[in-house]
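> just to be clear, the model below is a prediction. Sequence and coordinates:
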Amino acid sequence: MAYKKIEIKRPRGINLDLSPYAMPNEMWSEGDNVTFRQARTNVAQGYSEVYTTQYVDTNGDGTPDDPLVVVNNTTVVGHPIIAVPFTDFISNYWFYANDTDIHRIGSDGVHTKVTRNDGASTPTYATYTGDYGDGWTASLFNGALIFNNTKDVPQFLTDPSSSFSNLTAWPSNERCGVIRPFKNFLIALDIYDNNTSDSFPTKVVWSDTAPLGGVPASWDTGNPAVQAGYNILPDTQGRIVDGKSLNDTFFIYKNDAVWAMQFIGGSLVFSFRKVFSDGSGILAKDCVTEFEGKHFVVGVDDVYIHDGTAKKSVITNQMRRALYSQINPDHTDKVKCVHDSKNREVLIHYPSVDSPTGESDKVVIYNYESDSWTKRDIERIAFIGIGHVKTEVGEPEGWDWDAGTWDGDGSFWGDESYNPSRNDLLYVKHGDANNDSGFFIGESGLRINGVVYKPFVERIGLDFEDDKGYKYINAIYPHFEGEGTVNIYIGTEERQGGGISWSQPQEFVIGEDYKATFRESGRYIGIKMESKTDNIWALTGYSVEYSYEGRQ
């Protein structure tokens, strides 16, 4: 029997929108917990908990105890909603907020309350009044960290060792949906008057210019001696949701339009023009991020990128229908995105219909190098931040405080000090009634919050450019890198959409085997590969060896 062979090189991307019978051979029709970096199909790493222990010096000699003493931290306080990095260029910090308070995680791993207070030696804290539904947003501005929850006066901090305070000169009766930086101004969007209960969802307010290293001294829009002012964008019914700068323009995102705001000086200070009015807008706060001089936006019904002039969808005919049909309609405000520049990816995390309380349990990931999409599982995540995460904490920082050996230490050189080249994903687990919350570093291990997951990819509907003949599959030759054991399946189907039957799995040991042998036949063929062992592997392609059984 003469065998034919077809080689499928660099399989990439999971396409859930198009019919598998009409897709290129190199596309996967299903999969989970994989990535498509470096033109390969890779096992996606999970995430593991951080900031739960600290190393101590009990005798005060400046070195860790021998044997090393490890004590539990205060652990995460409450149910964190957001966590953002901040640095004084000496040490790195993370600040996180829950319903009532803001806390700091220092270089020693200790959790310290930094909620606004009266400054006494035993401070009295003025707790916050928002909740998980209100959420928090945060921005860095001119050396200051700005937090806002829509219910309280916006908060700011300039010294990481101090506590937060009410934003200087902010009108005490006003609240805003978000507050964002642009040049040396702060821009407040979606205004609410706390005294009159009047809502101004299309109002844009900007501050006076800020001094070097400080926050604006005035928000008085009626004072001609300062540059503070406001504008109304009432042309569409949608409300303003968020805003973000790009080059010399600040883009204001409504849920049905996008506006551009540019500095012109003079009495007007800013000019405004509508950029897009096709209804796409933005879905929720923190649904826009910058990459390679463009904005990546999760819109109301499409995911698109734009450079301020032209925009294009990056998800249509790939994963658009799948994503928007899975988002929990009661919690669309919890959808967020984050740019992982190290891996050339943008992550969209969202609560699916299986997440009734609104925490994210799914992620879809866009790799803009390969123009491919994938997806993965997460658990009760409220936010994903990006910044420097210390996997081992100790004070002071230095050789003597590193618990690892030279050969066995997997940390980066210079990991214990400010390092702008390190960008890690920090998963913020909101937790449940049992306070099962915490912080987790991404790209770590093969578990999600300690639970093993099984990466897999599959492709159905292959007909090798002949949808009449029956194909007898003799062998699969996968091109793996890495280690471990992978289960390989062959699926067969008589007609399109008729239901696929999968074979028993054939074990393929990476580094030992070179092919998996089968005796399966059908008009349409499927291929599935899934991890059997917890190992890292990458697939650069595969070949299918087959013959024709005849035509019917």
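Arrived safely. Note that this is a predicted model, so its numbers are computed, not measured.
> where does the stretch 1-150 of the chain dip in pLDDT?
1, 53-75 (pLDDT under 70).
> pull the helix or strand with minimum mean pLDDT from the chain.
strand 70-72 (a mean of 51; mean pLDDT, DSSP states H and E).
> any weak-confidence spans in the stretch 451-552 of the chain?
Short version for the stretch 451-552 of the chain, where the test is pLDDT under 70: 550-552.
> all helices of it, in order?
Under the criterion DSSP state H, counting those that start in this stretch, the stretch 451-552 of the chain carries no helices.
> which SS class is residue 330?
helix (DSSP: H, G, I helix; E, B strand; the rest coil).
> who's in contact with it?
356, 358 (CB atoms under 8 Å, 6 or more residues apart in numbering). To be clear about C-beta, it is placed using only N, CA and C from the backbone, and glycine gets the same treatment.
> quick check, pLDDT for it.
Looking at residue 330, its pLDDT reads 95.
> same check on the one 5 residues further on?
At residue 335 the predicted local confidence, pLDDT, stands at 98.
> same deal with residue 398?
Reported pLDDT for residue 398: 49.
> go on, residue 279?
84.
> tally of neighbours for it?
15 (other CB atoms under 10 Å).
> which residues in the stretch 251-400 of the chain form helices?
Under DSSP H, counting those that start in this stretch, the stretch 251-400 of the chain gives helices at 320-326.
> show me the shaky parts of it.
Those would be 392-400, if you go by pLDDT under 70 across the stretch 251-400 of the chain.
> next helix or strand past the least confident helix or strand of the chain?
strand 82-87 (DSSP states H and E).
> so after that following strand, what's the next helix or strand?
Next element after strand 82-87 (DSSP H and E): strand 92-97.
> and whichever helix or strand comes after that following strand, how far out from the chain's middle?
Note on strand 92-97: by DSSP H and E, the next helix or strand toward the C-terminus is strand 102-105. Remark: strand 102-105 is offset 21 Å from the chain centroid, using CA atoms, centre = their mean, to the nearest Å.
> and strand 102-105, what does it pack against?
strand 92-97, strand 111-113 (3 or more CB pairs under 8 Å, 6 or more residues apart in numbering; DSSP states H and E).
> can I get those strands in JSON lines including distance to residue 318 and mean neighbour count?
Converted to JSON lines, the helices and strands packed on strand 102-105 look like this (distance: least, CB to CB, whole Å; neighbours: other CB atoms under 10 Å):
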{"stretch": "strand 92-97", "distance to residue 318": "34", "mean neighbour count": "24"}
{"stretch": "strand 111-113", "distance to residue 318": "41", "mean neighbour count": "16"}
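> closest one to residue 431 among the ones you listed?
strand 92-97 (12.4 Å; CB to CB).
> remind me what that closest one packs against, helices and strands.
Going by 3+ CB pairs under 8 Å, 6+ apart, strand 92-97 lies up against strand 82-87, strand 102-105, strand 144-148, strand 372-387.
> of those, which is nearest residue 180?
strand 144-148 (8.4 Å).
> residue 331: what's it in contact with?
351, 355, 358.
> what's stretch 206-213 in contact with?
Here stretch 206-213 has contacts from 141-143, 158, 169, 182, 184-188, 216-220, 226-230, 269-270, using CB under 8 Å, 6+ apart.
> recalculate using a threshold of 6 Å.
Contact with stretch 206-213 is made by 142-143, 184-187, 216, 218-219, 226-229, as judged by CB atoms under 6 Å, 6 or more residues apart in numbering.
> which one of the residues you listed is nearest to residue 7?
residue 187 (53.6 Å).
> what's the spacing between that closest one and residue 177?
11 Å (CB to CB, to the nearest Å).
> sorry, back to before: let's have the helices and strands packed on strand 92-97 in CSV, adding mean neighbour count.
Formatted as CSV, those follow (neighbours: other CB atoms under 10 Å):
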stretch, mean neighbour count
strand 82-87, 21
strand 102-105, 24
strand 144-148, 23
strand 372-387, 22
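> include distance to residue 291 when you put those strands into a markdown table, please.
Below are the helices and strands packed on strand 92-97 laid out as a markdown table (distance: least, CB to CB, whole Å):
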| stretch | distance to residue 291 |
| --- | --- |
| strand 82-87 | 18 |
| strand 102-105 | 27 |
| strand 144-148 | 22 |
| strand 372-387 | 12 |
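> now the contacts of stretch 206-213: which count as buried?
Buried by 16 or more other CB atoms under 10 Å: 142, 184, 185, 186, 187, 216, 218, 219, 226, 227, 228, 229, out of these.
> just the ones of the residues you listed in strands?
185, 186, 187, 229 (DSSP state E).
> which single one of these is nearest to residue 457?
Distances from residue 457 to these, taken by CB to CB, are shortest for residue 187, at 43.4 Å.
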